[in-house]
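*Asks:* sequence first, then the predicted structure, then my questions.
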Amino acid sequence: MSRVLEQTGQPVRSSDLYDRGYGEVGFDFLAPKWSADNIVTNPPYNCAEGFVASGIRHSKRKFALLLRLAFLEGANRANTIFAITPPARVWVFSERITFYPNGVEPKGSGTTAYAWFVWDKDAPSQTELKWFKPGYKAKFA
């Protein structure tokens, strides 16, 4: 994800708790040592709620999480995250995407629906639901 963002020409600071061959190692997103204007990440799904809380605290402008669309479900999140600090936008992938390790040839299509959840401190308080138009998989494959 960081390499693609770097191609936009914007400065990118990459980090991870573990050494995955890229970025600063030993950075705990749940207890960060620095903030950023905008944060984009793909959290471990079992830590997504903690990532939301930390991202909201430590992003100065926008914070985007790539999550399963099912993150919208759940009474706990409805009463906490979505009632107190709802995302400004949820961008739903209209085509299923699959994540393959680098160098592995993609086979088949995904079985899980994903979306970008975006918190924007300059946006109105209501959540917009949007969809990526079909065709992006072929365009970026």
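*Replies:* Great, that's in hand. Numbers count the residues shown, from 1 in each chain.
*Asks:* just for the chain, where's the confidence low?
*Replies:* 140-141 (pLDDT under 70).
*Asks:* can you pull out the strands in the chain?
*Replies:* 15-16, 24-25, 36-41, 59-68, 89-93, 114-120, 128-132 (DSSP state E).
*Asks:* just name whatever secondary elements the second one is in contact with.
*Replies:* Secondary structure elements in contact with strand 24-25, counted by 3 or more C-beta pairs under 8 Å, 6 or more residues apart in numbering; DSSP states H and E, are strand 15-16. Heads up, the C-betas are built off the backbone N, CA and C, glycines and all.
*Asks:* just checking: what are the partner strands of the strand it packs on?
*Replies:* Using DSSP bridges, the strands paired with strand 15-16 in its sheet are strand 24-25 (parallel).
*Asks:* any idea how far the strand it pairs with is from the middle of the chain?
*Replies:* 19 Å (C-alpha atoms, centre = their mean, to the nearest Å).
*Asks:* what does that strand rub up against?
*Replies:* If you take C-beta atoms under 8 Å, 6 or more residues apart in numbering as the criterion, strand 24-25 is touched by 13, 14, 15, 16, 17, 18, 19.
*Asks:* tell me how far the fourth one lies from residue 39.
*Replies:* In other words, residue 16. Going from residue 16 to residue 39 by C-beta to C-beta, to the nearest Å gives 13 Å.
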